[in-house]
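Student: I would like to see how this sequence folds:
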Amino acid sequence: MTNILLRLFIKNCEDTQNPAVRSSIGKLAGLTGIVCNCLLTVLKLVIGLLVGSMAIIADGVNNLSDAASSLTTLLGFRMAQRPADKQHPYGHARYEYLSGLAVAALILLIGAELVKSSIAKIIKPEPIDISAATIALLAASVAVKLWMSGFYKTLGKKINSTALYATSVDSRNDVISTCAVLLGCLVNYLFGLNIDGYVGLAVAIFILYSSVGIAKDTISPLLGQQADDELVDKITELVLSHEKVLGVHDLLVHDYGPGRCYASAHVELSADEDPMACHDIIDDIECDVLEKMNVHFVIHYDPVVQNDAEQNEMRRTVGEIIRELNPAFSIHDFRIVRGSAQSKLVFDLGVPYSMIEKKKEIKERIDAALNERGKKYITIIRFDGIA
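Tutor: The predicted model follows:
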C-alpha cells in the first residue's frame with residue numbers, strides 16, 4: 001500500500017536527495033495521517049458517547065491529537081521547504097523539528113485533560129453498554145494503526161526524517177493504548193466489570209509519557225546534538241579515500257534541519273606538498289562530500305611536517321604517554337615551536353567530554369611524564385571533547 005501511494009502521488013519518488021521529492025513525501029505522510037486519524041476520531045467519539053465509555057472517548061481524543069500532529073507535520077514540511085533568505089541564510093528546514101515540538105506540547109495538554117476526566121470517572125463510575133460490534137470496531141482501529149505505524153516508519157527511513165520516525169512510534173503507541181481500551185471493553189462485555197475509568201487513566205498516562213519522548217527527540221537536534229555516527233564515519237572515510245590525505249580530525253557537523261547539513265574538519269596533508277596543489281585537493285574533497293552526501297563541507301588545511309627527526313621522536317614519546325594515561329585519548333596537530341631558551345610542544349588532545357574538567361590535572365601528568373624521560377619542553381595543549 002505504501003509503495004502504491006508513493007507511485008500514485010509522488011513523481012520520481014526514489015530521488016529522495018531531491019528536496020522537492022523529500023518535501024512531497026513528508027506532505028503525503030501528513031495528509032494520510034490527517035485522513036486516517038480524523039476517521040478514527042469520529043468513529044471512537046461516536047461509539048464512546050453512545051456506550052458511555054471514558055476509555056473509548058480518551059482513545060478517540062488521542063487520535064484527534066494524532067490528526068493535529070499530522071497537520072503540524074504537514075505544515076512543518078511545507079514551511080521547511082522555504083528557501084534561504086537574508087535573515088535565514090541556512091534555510092528553514094528546522095521548521096520540521098519545531099513542528100514535532102508543537103505536536104508534543106499539544107499531546108501533553110490533551111493527556112493532562114484526559115487524566116482529570118478519567119479520575120472523575122473512577123471516583124464516580126457510570127454504567128457502560130459494550131457490544132460485540134463495539135469490540136469489532138476497536139479491533140479494526142488497531143489494524144489501521146498498525147498499518148500507519150509501518151507506513152510512517154517506511155517513509156521516515158526513506159527520507160531520514162526524525163519527525164516521521166516520531167510519528168511512527170506514536171502510532172505504535174496508539175496500538176498499545178487501543179489494545180488496553182479493547183481489553184477493558186472485553187472485561188466489561190464478558191464479566192460485567194467496569195474498569196473503564198482505570199483504563200482511561202492508563203491511556204492518558206501513556207499519552208503523557210509519549211509526549212515527553214517526542215519532545216526529547218525534537219529538542220535534541222535544536223540544541224545541537226552529536227551527529228549520527230554513521231554520517232561521521234562516511235565523511236571520514238570519504239576524506240581519507242583521497243590519496244594525499246594523511247589524517248582528518250576535529251570533524252564537526254551542524255544540523256540546520258533535514259537536507260541542510262554543514263560540516264567542517266581539519267585535514268592533514270604533507271608540508272612538503274605544493275600549497276596550490278593542496279588547495280586543489282581540498283576543493284576536490286569539499287565538492288565530493290557535497291555531491292555524494294549532500295553535506296556542505298569546509299576544510300581547514302593542516303600541513304604536517306614529516307621529515308623532522310626531533311618532532312617525529314617527540315610525537316612518538318607524547319603518544320606513548322597519552323596511551324598510558326588513557327587509551328581513549330587522541331592527539332593531533334602536533335608540532336615543535338623552537339625558541340632560543342626552550343622549545344614548546346604544541347598539540348591538540350582529544351579527551352572524553354566527562355574528563356574535560358580535569359584538563360589541568362591531565363596536563364600536569366603529561367608534563368611530569370616528560371620530565372621523567374628527561375624531555376625539557378614547555379607544553380601548550382588545546383583540549384577537545386570527544387564522544
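
Student: where do the helices sit along the stretch 1-150 of the chain?
Tutor: Along the stretch 1-150 of the chain, the stretches classed as helices by DSSP state H, counting those that start in this stretch are 2-9, 19-51, 54-80, 95-123, 132-159.

Student: Find the one among those with the highest mean neighbour count.
Tutor: Per-residue neighbour counts averaged over each of the helices of the stretch 1-150 of the chain give the maximum for helix 54-80, namely a mean of 25 (mean count of other Cβ atoms under 10 Å). In short, each C-beta sits where N, CA and C put it, glycine included.

Student: For the helix or strand harbouring Glu230, which helices and strands make contact with it?
Tutor: Assignment of secondary structure by DSSP states H and E places Glu230 within helix 229-240. Where contact means 3 or more Cβ pairs under 8 Å, 6 or more residues apart in numbering; DSSP states H and E, helix 229-240 is packed against strand 245-255, strand 261-270, helix 275-293, strand 295-304.

Student: circling back to that earlier point, minimum distance to Asp170: which of the helices of the stretch 1-150 of the chain has it?
Tutor: Comparing the helices of the stretch 1-150 of the chain by their distance to Asp170 (Cβ to Cβ), the top pick is helix 54-80, with 6.6 Å.

Student: Domain map for this protein?
Tutor: Each structural domain of the chain that the record assigns through automatic domain parsing is listed here as a residue range: 2-223, 229-304, 309-386.

Student: orientation of the helix holding Glu230 relative to strand 245-255 in degrees?
Tutor: Taking axes from the mean of the first three to the mean of the last three Cα atoms, to 10 degrees, helix 229-240 and strand 245-255 form an angle of 140 degrees between their directions.

Student: so where's the stretch 101-250 of the chain shaky on pLDDT?
Tutor: Across the stretch 101-250 of the chain, not a single residue meets the criterion (pLDDT under 70).

Student: residues of the helix holding Glu230 that come out buried?
Tutor: Applying a neighbour-count criterion of 16 or more other Cβ atoms under 10 Å, the buried positions in helix 229-240 are 231-232, 235, 238-239.

Student: Any chance of those in TSV with distance to Ser131 as columns?
Tutor: Shown next, in TSV, are those (distance: Cβ to Cβ, whole Å):
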residue	distance to Ser131
Leu231	53
Val232	56
Ile235	59
Leu238	62
Val239	65
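
Student: Those residues: which two are farthest apart?
Tutor: Among the buried residues of helix 229-240, Leu231 and Val239 lie farthest apart (Cβ to Cβ), at 12.8 Å.

Student: Please put the alpha-carbon coordinates of stretch 165-182 into PDB.
Tutor: The C-alpha trace of stretch 165-182 is given here as PDB (Å, rounded to 0.1, in the frame of the first residue of the first chain):
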ATOM      1  CA  TYR A 165      10.100   8.300  12.900                       C
ATOM      2  CA  ALA A 166       8.500  10.000  16.000                       C
ATOM      3  CA  THR A 167       5.100   9.700  14.300                       C
ATOM      4  CA  SER A 168       5.700   6.000  13.600                       C
ATOM      5  CA  VAL A 169       6.500   5.500  17.300                       C
ATOM      6  CA  ASP A 170       3.400   7.500  18.200                       C
ATOM      7  CA  SER A 171       1.200   5.300  16.000                       C
ATOM      8  CA  ARG A 172       2.700   2.200  17.600                       C
ATOM      9  CA  ASN A 173       1.900   3.600  21.000                       C
ATOM     10  CA  ASP A 174      -1.700   4.100  19.800                       C
ATOM     11  CA  VAL A 175      -1.900   0.400  19.000                       C
ATOM     12  CA  ILE A 176      -0.900  -0.300  22.600                       C
ATOM     13  CA  SER A 177      -3.400   2.200  24.100                       C
ATOM     14  CA  THR A 178      -6.300   1.000  21.900                       C
ATOM     15  CA  CYS A 179      -5.500  -2.600  22.900                       C
ATOM     16  CA  ALA A 180      -5.800  -1.500  26.500                       C
ATOM     17  CA  VAL A 181      -9.200   0.000  25.800                       C
ATOM     18  CA  LEU A 182     -10.200  -3.100  23.900                       C
END
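
Student: on that earlier part again, show me how far the helix holding Glu230 is from its chain's centre.
Tutor: Distance, stretch centre to chain centre, for helix 229-240: 18 Å (Cα atoms, centre = their mean, to the nearest Å).

Student: Now do it against strand 261-270, angle only.
Tutor: For helix 229-240 against strand 261-270, the angle between stretch directions is 40 degrees (the same axes, to 10 degrees).

Student: which residues touch helix 229-240?
Tutor: With contact meaning Cβ atoms under 8 Å, 6 or more residues apart in numbering, helix 229-240 is reached by 245, 247-248, 251, 253, 261, 263, 265, 267, 285, 288-289, 292-293, 295, 297.

Student: What of stretch 345-357?
Tutor: Contacting residues not belonging to stretch 345-357 are listed as 249-250, 314, 318, 322, 326, 328-337, 358-359, 362, 370, 377-387 [Cβ under 8 Å, 6+ apart].

Student: could you give me the average pLDDT of it?
Tutor: Averaged over stretch 345-357, pLDDT sits at 91.

Student: Return the set of buried residues in stretch 185-201.
Tutor: For stretch 185-201, burial by neighbour count (16+ other Cβ under 10 Å) applies to 185, 187-189, 194-201.

Student: Need the max-distance pair from the residues you listed.
Tutor: The largest separation in those, counting by Cβ to Cβ, is between Tyr189 and Leu201 at 20.1 Å.

Student: From Lys234, how far out is Val21?
Tutor: In this structure, Val21 and Lys234 are separated by 21 Å, where distance is defined by Cβ to Cβ, to the nearest Å.

Student: Lovely, talk soon.
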